[in-house]
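Asker: Below: sequence and its predicted model.
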Amino acid sequence: MLQIDNLHAEVDGKAILKGLSLSLNAGEIHAIMGPNGAGKSTLGYVLSGRPGYEVTEGSVTFEGADLLALAPYERAAAGLFLGFQYPVEIPGVSNLQFLREALNAQRRARGEEPLSGGDFIKRARAQADALGLDPEMLKRPVNVGFSGGEKKRAEMVQMGIIDPKLAILDETDSGLDIDALRSVGAGINTIMRKPDRAVLLITHYQRLLDYVKPDFVHVLAGGRIVRSGGPELAHQLEAEGYADIAA
């Protein structure tokens, strides 16, 4: 599904990614771990097309297409979803309004009919119920006044409504208590653990992986993948840290 070959990227002239290669197949969940400053968030931003992140070498293909040649909105329409470490607030725009516009923009880009208001409300309420978010919160401005856990639950609802092919989740466990962590893990499993879906899960800690069992764990250090393994690698990192592996 996703093939990254020798990816180099820089921000403000500073090299961050330095030859990163990774292959992600449909039906797989891959966890990316690593020390601060290793390039984990940069990888997510480069894949999603965030301005200011310049690719200087290498290639990325998504379902056989050149991902780097697509604008950010085209990547979203192709099936990419980026979850943020710190979801932004959008005062004056309700979750329902935001999500309906986002979903129907993607449907139009794919040549599909937009959902009617009634059909969208049913879809949004079903996702909110499944992920433990009070449906009334969907009427509130995007993330305004939400706790950290509520923001992350709302983001899982967004992901469920959009129903992407590939979810790139950047430290989605940041700041979560145990209940919220369990809810987010359940959301990832419910929405994305499917034969035609895939997840790139960026995290510092092993704790989320207790709920989302990854197929592979990769250590990103110095701008490249330096080690890969199964879930047991995350437990090793939790116990021993990154010093020896990332050296």
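Answerer: That came through fine.
Asker: C-alpha only now, for contacts and for neighbours.
Answerer: Fine.
Asker: Show me what the helix or strand where Ala31 lies is packed up against.
Answerer: Using DSSP states H and E, Ala31 sits in strand 29-33. Judged by 3 or more CA pairs under 8 Å, 6 or more residues apart in numbering; DSSP states H and E, strand 29-33 is in contact with strand 198-202, strand 216-221.
Asker: Ramachandran coordinates for Gly145?
Answerer: In terms of degrees, to the nearest 10, the main-chain angles of Gly145 are phi 80, psi 10.
Asker: same check, this time on Val226
Answerer: Taking degrees, to the nearest 10, you get phi -110, psi -20 for the backbone angles of Val226.
Asker: So it is in contact with Val219, correct?
Answerer: Yes. The pair formed by Val226 and Val219 meets the contact definition of CA atoms under 8 Å, at 5.8 Å.
Asker: in this protein, which ranges drop under the pLDDT threshold?
Answerer: Within the chain, the set of residues satisfying pLDDT under 70 comprises 246-247.
Asker: okay, the angle between the helix or strand just after the strand holding Ala31 and strand 29-33?
Answerer: Once strand 29-33 ends, the next helix or strand along the chain (criterion: DSSP H and E) is helix 40-48. Comparing the axes of helix 40-48 and strand 29-33 via axes from the mean of the first three to the mean of the last three CA atoms, to 10 degrees yields an angle of 140 degrees.
Asker: Check which residues of the helix or strand that comes right after helix 40-48 are buried.
Answerer: Sequence-wise, the next helix or strand downstream of helix 40-48 (DSSP H and E) is strand 53-62. Burial within strand 53-62, assessed by neighbour count using 16 or more other CA atoms under 10 Å, is assigned to 53-55, 58-62.
Asker: Name the nearest of these relative to Val199.
Answerer: Taking CA to CA as the measure, Val199 lies nearest Phe62 of the buried residues of strand 53-62, at 13.0 Å.
Asker: give the contact list for the residue nearest to that closest one when sequence neighbours are not counted.
Answerer: Computed as CA to CA, 6 or more residues apart in numbering, the closest residue to Phe62 that is not its neighbour in sequence is Leu2, at 4.6 Å. Taking CA atoms under 8 Å, 6 or more residues apart in numbering as the definition of contact, the neighbours of Leu2 are 22-25, 60-63.
Asker: how much space is there between Leu2 and Leu80?
Answerer: Between Leu2 and Leu80 the computed distance is 11 Å (CA to CA, to the nearest Å).
Asker: Ok, Ile188 next?
Answerer: Taking CA to CA as the measure, Ile188 and Leu80 are separated by 14 Å.
Asker: Repeat that for Gly19.
Answerer: Taking CA to CA as the measure, Gly19 and Leu80 are separated by 22 Å.
Asker: just Asp196 next, same as before
Answerer: Using CA to CA, one gets 13 Å for the distance from Asp196 to Leu80.
Asker: the more surrounded of those two?
Answerer: Neighbours were tallied for Asp196 and for Leu80 using other CA atoms under 10 Å; the higher tally belongs to Leu80 (22 against 14).
Asker: Excluding sequence neighbours, find me the nearest residue to the more buried one.
Answerer: Distances taken as CA to CA, 6+ apart put Leu166 closest to Leu80, at 5.0 Å, once the chain neighbours are dropped.
Asker: For the residue nearest to Phe62, list each beta-bridge partner.
Answerer: Counting by DSSP bridges, Leu2 forms beta bridges with Leu24, Phe62.
Asker: re earlier: compute the number of surrounding residues for the residue nearest to Leu80.
Answerer: The criterion is other CA under 10 Å. On that basis, Leu166 has 27 neighbouring residues.
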